[in-house]
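Engineer: please find the sequence and the predicted model below.
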Amino acid sequence: MNLVSIRIITGDIKRLVGFYEQVTGVQAAWGNEEFAELRTGQGTLAIGSERTVPLFAPGAARPADNHTAIIEFLVDDVDARYEAVRGIVTDFVNEPTTMPWGNRSLLFRDPDGNLINFFTPVTAEARLRAGATI
């Protein structure tokens, strides 16, 4: 089994896709006006309009209502990314902070309130866990 993607449902797909393109530097691949994907080397962040929910099951997902998941991106330099997104992000949860498990982490929210973690492994153990060579 392979985890292929995480999908966010939103009420404003153009705004949310644009936000993720800006903060990640990844160009979205649009399937149609209701669905886009930001594909990285390890996984895909899919973004769907709330109009796609009834195709699966009416009422099964609600936009801007996530309070349990953290969307995580491994980045080369979390401090540099912090400086790069300061003009884009309006809701920072913290500034870059080194966590007890060896990652330097930046938490912020997207326009729908989803929690995002940009992190860089900074200890040898953390780099090994992440499979990173940085």
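Structural biologist: Thanks, I have the structure now.

Engineer: for residue 13, grab phi and psi.
Structural biologist: phi -60, psi -40 (degrees, to the nearest 10).

Engineer: what's the span of stretch 102-115, first residue to last?
Structural biologist: 20 Å (Cα to Cα, to the nearest Å).

Engineer: same question for stretch 111-123.
Structural biologist: In stretch 111-123, first residue to last residue: 32 Å (Cα to Cα).

Engineer: likewise for stretch 86-102?
Structural biologist: End-to-end distance of stretch 86-102 (Cα to Cα): 24 Å.

Engineer: buried sites along that stretch?
Structural biologist: Buried positions in stretch 86-102, judged by neighbour count with 16 or more other Cβ atoms under 10 Å: 89, 96, 102. Just so you know, the C-beta spots here come from the backbone N, C-alpha and C atoms, and that holds for glycine as well.

Engineer: ok, now stretch 33-52?
Structural biologist: Result for stretch 33-52 [16+ other Cβ under 10 Å]: buried residues 35, 36, 37, 38, 45, 46, 47, 48, 49, 50, 52.
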